[in-house]
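Colleague: Got a sequence here, can you model it:
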Amino acid sequence: MSSKPSWGLRSVLQARDIAVNYICYAVGKEDEIDLWHFPWHPDGKISTQIPKSTTDPCLADEKMLSDIRRSDGWHPILDNDSLREEKLLLNRGIFIHDNKNIPIWKPSLDGSFSTHSDWDNIRHHSPKIPWFKTFWFIGHIPKHSLTVWRALQNKLLTKGKLCTYLPHIDTRCNLCQAHAETVDHLFFQCGYSCWIWRFVLWKFNSRRKPRVTLKDEEEWIRINRTGKGQAVTALKIAFASAIFRIWKERNYRQFQNKKLHKSVILRMINADVKERINWLQFQNEDSEEKRNTALLFGYKFNAKQPSEKNVHLDPPQPLKSSS
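Modeller: Predicted structure coming up:
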């Protein structure tokens with residue numbers, strides 16, 4: 001080994017103390033296994049489970065597993081009343097192999113090591129958030145989904161959030177210049193954004209008004225628009241695109257002093273949906289839903305033509321003889 005190992009190798013070496021807790025051995029040759037210090041038991045080394053000061057003298061420190069276990073079971077010395085608890089511990093869940101000692105990775109179902117099972121064991125498990133499928137789905141636009149995720153987590157640096165660190169800044173919304181800029185106001189309560197949302201919902205034949213908060217709108221989509229159809233996917237793409245485009249327009253006005261009309265933002269959202277649906281190639285099969293979505297967003301719908309393998313030809317008819 002090099003005198004200056006790489007960072008990756010050092011990290012692997014440091015993980016050995018953690019990984020050893022997830023390894024045990026299937027017993028095949030008892031005479032090669034140290035009773036106390038070898039990880040042959042599923043619960044770990046015996047030395048960490050049975051205090052040596054309380055054990056019977058027949059279980060000495062230098063004992064091998066073959067001294068107390070035979071091919072037909074445990075040695076009769078474990079039948080003593082003083083070793084009753086030790087026998088119960090030793091006999092719990094031991095793995096047996098035919099002719100050799102085989103390492104077993106306990107977190108895995110088949111006993112083989114995998115980085116997935118390793119990481120799943122050592123990482124901190126948090127409860128799944130209910131709204132992740134609203135913007136992490138097949139066909140999502142990554143930068144749009146990331147912006148939605150940050151907005152739902154209240155991680156976007158709006159003026160309302162920055163004022164806690166910079167109390168003297170102007171907190172008025174860049175889009176309407178009338179109210180304090182927060183996530184909910186910027187995306188759903190501002191007049192500029194409300195106009196955009198009304199037309200986005202109109203595209204999907206929805207006559208309802210947009211919700212007044214981002215979480216309420218996401219919850220409505222998650223509950224009322226389920227499945228993986230083209231219309232549902234198009235709505236999710238439009239939802240994420242609207243959040244991204246409104247936030248981008250806010251930044252243009254804040255940092256570059258540029259302005260775009262609401263209709264331009266709406267055309268950008270329409271283009272995002274159109275390009276993504278075309279990329280996903282949902283037009284492989286014909287349906288009324290897919291034709292209506294194509295008509296709304298202005299892209300060409302081509303139903304998939306049957307391949308030669310699926311074409312059924314009628315058998316040739318016998319020729320009629322002329323009379």
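Colleague: Could you use CA atoms for every contact and neighbour count after this?
Modeller: Fine.
Colleague: need the longest helix for the chain.
Modeller: The helix spanning the most residues in the chain, taking DSSP state H as the definition, is helix 230-251.
Colleague: Give the buried residues for it.
Modeller: Within helix 230-251, the residues that qualify as buried by neighbour count (16 or more other CA atoms under 10 Å) are 230-247, 249-251.
Colleague: Outline the domain layout of this protein.
Modeller: The chain is divided into the following domains under automatic domain parsing: 7-119, 132-297.
Colleague: quick one on the thing from earlier: I'd like the mean pLDDT over the longest helix of the chain, please.
Modeller: pLDDT averaged over helix 230-251 equals 92, rounded to a whole number.
Colleague: what kind of secondary structure is Gly139 in?
Modeller: Assigned with DSSP: H, G, I helix; E, B strand; the rest coil, Gly139 falls in the coil class.
Colleague: thinking again about what came up before, rebuild the domains of the chain as JSON lines, extending it with distance to His125.
Modeller: JSON lines is the format used below for the domains of the chain (distance: least, CA to CA, whole Å):
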{"stretch": "domain 7-119", "distance to His125": "11"}
{"stretch": "domain 132-297", "distance to His125": "16"}
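Colleague: which of the ones you listed sits most buried?
Modeller: Highest mean neighbour count of these: domain 132-297, a mean of 17 (counted as mean count of other CA atoms under 10 Å).
Colleague: Next, please give the residue ranges for the helices of the stretch 201-323 of the chain.
Modeller: If you assign secondary structure with DSSP state H, counting those that start in this stretch, the helices in the stretch 201-323 of the chain sit at 214-224, 230-251, 262-280, 288-297.
Colleague: just the CA coordinates of the longest one, formatted as CSV?
Modeller: What follows is the C-alpha trace of helix 230-251 in CSV, where atoms were taken according to Å, rounded to 0.1, in the frame of the first residue of the first chain:
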residue,chain,number,x,y,z
GLN,A,230,-50.4,11.7,-21.5
ALA,A,231,-52.8,14.3,-20.1
VAL,A,232,-51.5,13.8,-16.5
THR,A,233,-47.9,13.9,-17.7
ALA,A,234,-48.5,17.1,-19.7
LEU,A,235,-50.1,18.7,-16.7
LYS,A,236,-47.2,17.9,-14.4
ILE,A,237,-44.8,19.3,-17.0
ALA,A,238,-46.8,22.5,-17.3
PHE,A,239,-47.0,22.8,-13.5
ALA,A,240,-43.2,22.6,-13.1
SER,A,241,-42.6,24.7,-16.2
ALA,A,242,-44.8,27.5,-14.9
ILE,A,243,-43.0,27.6,-11.5
PHE,A,244,-39.6,27.6,-13.3
ARG,A,245,-40.6,30.3,-15.8
ILE,A,246,-42.1,32.6,-13.2
TRP,A,247,-39.0,32.3,-11.0
LYS,A,248,-36.7,32.9,-14.0
GLU,A,249,-38.8,36.0,-14.9
ARG,A,250,-38.5,37.3,-11.3
ASN,A,251,-34.7,36.9,-11.5
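Colleague: so how far is it from its chain's centroid?
Modeller: Helix 230-251 has its C-alpha centroid displaced from the chain centroid by 21 Å (CA atoms, centre = their mean, to the nearest Å).
Colleague: check contacts around Tyr189.
Modeller: Careful, residue 189 is Gln and not Tyr. Under the criterion of CA atoms under 8 Å, 6 or more residues apart in numbering, the neighbours of Gln189 are Val212, Thr213.
Colleague: on that earlier part again, go through the domains of the chain and find the least confident stretch.
Modeller: When mean pLDDT is averaged over each of the domains of the chain, domain 7-119 scores lowest at a mean of 69.
Colleague: Quick one: end-to-end length of that domain, please.
Modeller: From the first residue to the last, domain 7-119 extends over 18 Å; the measure is CA to CA, to the nearest Å.
Colleague: just checking, Ala26 is part of a strand?
Modeller: Yes - secondary structure assignment (three-state DSSP) places Ala26 inside a strand.
Colleague: from what I can see it touches Asp98, true?
Modeller: No - distance between Ala26 and Asp98: 9.1 Å, which falls outside the contact criterion (CA atoms under 8 Å).
Colleague: overlap in contacts of the two?
Modeller: Any residue near both Ala26 and Asp98 by CA under 8 Å, 6+ apart counts here, and not one turns up.
Colleague: Not counting its neighbours along the chain, what's nearest Arg253?
Modeller: Counting by CA to CA, 6 or more residues apart in numbering, the nearest residue to Arg253 once its immediate chain neighbours are dropped is Lys259, at 5.9 Å.
Colleague: Correction: the previous question concerned Ala178.
Modeller: If the residues on either side of it in the chain are set aside, Ala178 comes closest to Arg172, at 6.1 Å by CA to CA, 6+ apart.
Colleague: State the distance from that neighbour to Leu162.
Modeller: For Arg172, the distance to Leu162 - CA to CA - is 12 Å.
Colleague: is it possible to export the helices of the stretch 201-323 of the chain to JSON lines including distance to Cys190?
Modeller: Formatted as JSON lines, those follow (distance: least, CA to CA, whole Å):
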{"stretch": "helix 214-224", "distance to Cys190": "12"}
{"stretch": "helix 230-251", "distance to Cys190": "11"}
{"stretch": "helix 262-280", "distance to Cys190": "12"}
{"stretch": "helix 288-297", "distance to Cys190": "25"}
